[in-house]
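Novice: Model the structure of this input:
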Amino acid sequence: MYDLLLADLARDGSRPLITYYDDASGERMELSVATFANAVAKTANFLRDGLDVQPGDAIALDLPLHWQLPVWLGAAAAVGAAVHVGPAAAAEALVAVGGPDIEPTGAAETVAVSLRPFGLPEPGTRSPGVLDHSVEVRAYGDEFGADPVLPTALAVRISATVTTDEPINADQSVELTHHDVALRARQLADTWGLAPGGRLLSALPPTTVTGLLACLAVPLAVSGSVVLIRHEDERRRLQRSTAERITAQATT
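Specialist: Below you'll find the predicted structure:
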């Protein structure tokens, strides 16, 4: 996935890649390929050089649908780490990543991510033992020298607590290698009719494989872009789709 980002950067770093809306707050944030690649590189350097994350290590990711989420997905892919999503993820991970209110977990390192506009630091202080990503990442480089990642290495694990009175669906316990992510992303692009250079709209929760891949892997698979909407007011979808020149919509 990181190689696709670098290829897009070489072709045209100025075009939009990630556009984010929060209909509850009114926030809109847009990241070009170059701006996004810079954020990914700094976070990947933080993971590798600051937290000693190595290929194959697990990162527990507990972030809402937000522009910071694809940054962390890209950084994990660059390092070759496996993203774990689900209730027990932190207990299995070297690094646990969450929003500004995250508390220390069973992971070796816990990182709080700002959800404020432009990634500005959240007010107040973090709990002892929790690193503030918005502060820590400033010290790291704007470029990342990634080593090749094995296609067969684990890239994503998504799990959920399943009760006897709750129907089980395929996304409740899934493991995908880096090869699987690339293949599934291309399949979803075809299913949704997302053509090369197209613009995807997604309000899907990032707690399923489909929702997670829509955040970054699918648009990168076709050198396209994505509009992510948190707290979506569905009455605005048609108008927004026109304004943002949406060509395909993510569906379950």
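Novice: Report the secondary structure state of the residue positioned nearest the centre of the chain.
Specialist: Nearest to the mean C-alpha position of the chain, by Cα atoms, centre = their mean, lies Pro70 at 2.5 Å. What DSSP: H, G, I helix; E, B strand; the rest coil gives for Pro70 is helix.
Novice: is it true that it touches Met29?
Specialist: No. Applying Cβ atoms under 8 Å as the test, Pro70 and Met29 come out as separate, 11.6 Å apart. Every C-beta, even on glycine, is put in place using the N, C-alpha and C of the backbone.
Novice: who touches both of these two?
Specialist: The contact sets of Pro70 and Met29 overlap at Ile18 (Cβ atoms under 8 Å, 6 or more residues apart in numbering).
Novice: so who does the residue nearest to the centre of the chain touch?
Specialist: 18, 36, 215-216, 226, 228.
Novice: how far out from the middle of the chain is the longest helix belonging to the chain?
Specialist: Ranked by residue count and defined by DSSP state H, the top helix of the chain is helix 178-192. With Cα atoms, centre = their mean, to the nearest Å as the basis, helix 178-192 stands 16 Å off its chain's centre.
Novice: other SSEs contacting it?
Specialist: Judged by 3 or more Cβ pairs under 8 Å, 6 or more residues apart in numbering; DSSP states H and E, the packing partners of helix 178-192 are strand 154-159, helix 209-214, helix 217-221, strand 248-249.
Novice: picking up where we left off before, ok, the residue nearest to the centre of the chain to Leu63 distance?
Specialist: 10 Å (Cβ to Cβ, to the nearest Å).
Novice: Ser173 too?
Specialist: The value you get for Ser173 to Leu63, if Cβ to Cβ is used, is 20 Å.
Novice: who has more neighbours, these two?
Specialist: The residue with more neighbours, out of Ser173 and Leu63, is Leu63; 21 against 13, by other Cβ atoms under 10 Å.
Novice: quick one: the strands in this structure?
Specialist: Assigned by DSSP state E, the strands in the chain fall at 16-22, 27-32, 58-62, 82-85, 95-98, 109-112, 130-132, 154-159, 173-177, 199-202, 225-230, 248-249.
Novice: Relative to Gly119, which of these is closest?
Specialist: The closest of the strands of the chain to Gly119 is strand 27-32. By Cβ to Cβ, the value is 9.0 Å.
Novice: what about the closest one, distance to the chain center?
Specialist: Put simply, strand 27-32 sits 15 Å off its chain's centre (Cα atoms, centre = their mean).
Novice: pLDDT on stretch 20-37, on average?
Specialist: Mean per-residue pLDDT for stretch 20-37: 96.
Novice: can you offset everything so residue one is 19?
Specialist: Sure thing, new numbering starts at 19, so read that last one as stretch 38-55.
Novice: Can you check the distance spanned by it, start to finish?
Specialist: This stretch, stretch 38-55, spans 16 Å end to end (Cα to Cα, to the nearest Å).
Novice: Could you pull out the buried residues of it?
Specialist: Residues of stretch 38-55 classed as buried by neighbour count (16 or more other Cβ atoms under 10 Å): 38-41, 45, 47-51, 54-55.
Novice: which of these sit farthest apart?
Specialist: Farthest-apart pair in these is Asp41 and Ala55; separation 27.2 Å (Cβ to Cβ).
Novice: Pretty sure Leu35 sits against Ser241.
Specialist: No. Using Cβ under 8 Å, Leu35 makes no contact with Ser241, being 9.7 Å away.
Novice: Give me the more crowded residue out of the two.
Specialist: Leu35 (25 against 17).
Novice: Which residues are in contact with that one?
Specialist: So, once contact is read as Cβ under 8 Å, 6+ apart, Leu35 ends up touching 26, 49-51, 54, 237, 243-244.
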